[in-house]
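> Predicted model follows, preceded by the sequence.
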Amino acid sequence: MKKLIGILIISQTVLFGLLLNQLNQISHSIIQAGAYVVAKEGTMAWGGNLPTPYFVLLGALIILGAVLVFTEDKKTTK
């Protein structure tokens, strides 16, 4: 059961990371298109970036899932 939860955490984290990356790219494109319409230049670089802690937290969740998958279960029989 612990391995299944670990695999679930890893897969959801990877998919969520992909979603965040795509939303970041879309927002950056929208900002550039809006800047092009307003200023006739497509080189504004403000707003559409994700801060580093998001990626650190996603990495920590992947490591947590890997620990759950690859650790041995301690079975106690009495």
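Cool, the structure landed.

> For the rest of this, base every contact and every neighbour count on C-alpha atoms.
Fine.

> nearest residue to the residue minimising distance to the centre of the chain other than its sequence neighbours?
When Cα atoms, centre = their mean is applied to the chain, the residue found nearest the centroid is G17 (2.2 Å). Spatial nearest neighbour of G17, chain neighbours left out: L58 (6.8 Å); criterion: Cα to Cα, 6 or more residues apart in numbering.

> so where does the residue nearest to the centre of the chain fall, helix or strand?
helix 2-39 (DSSP states H and E).

> Show me what that helix packs onto, helices and strands only.
Where contact means 3 or more Cα pairs under 8 Å, 6 or more residues apart in numbering; DSSP states H and E, helix 2-39 is packed against helix 52-70.

> which helices and strands does the helix it packs on pack with?
So helix 52-70, by 3+ Cα pairs under 8 Å, 6+ apart, packs with helix 2-39.

> could you give the angle of the least confident helix or strand in the chain by mean pLDDT to helix 52-70?
Every helix and strand in the chain was compared by mean pLDDT, DSSP states H and E; the lowest is helix 2-39, with a mean of 80. Angular relation of helix 2-39 and helix 52-70 on a 0 to 180 degree scale: 160 degrees, by axes from the mean of the first three to the mean of the last three Cα atoms, to 10 degrees.

> List the buried residues in helix 2-39.
Buried residues in helix 2-39, defined by neighbour count with 16 or more other Cα atoms under 10 Å: 3, 6-7, 9-10, 12-14, 17, 24, 28, 31-33, 35.

> And those, which is closest to A66?
G6 (6.3 Å; Cα to Cα).

> Check the spacing between that closest one and I31 real quick.
37 Å (Cα to Cα, to the nearest Å).

> Likewise for T71?
Counting by Cα to Cα, the gap from T71 to I31 is 45 Å.
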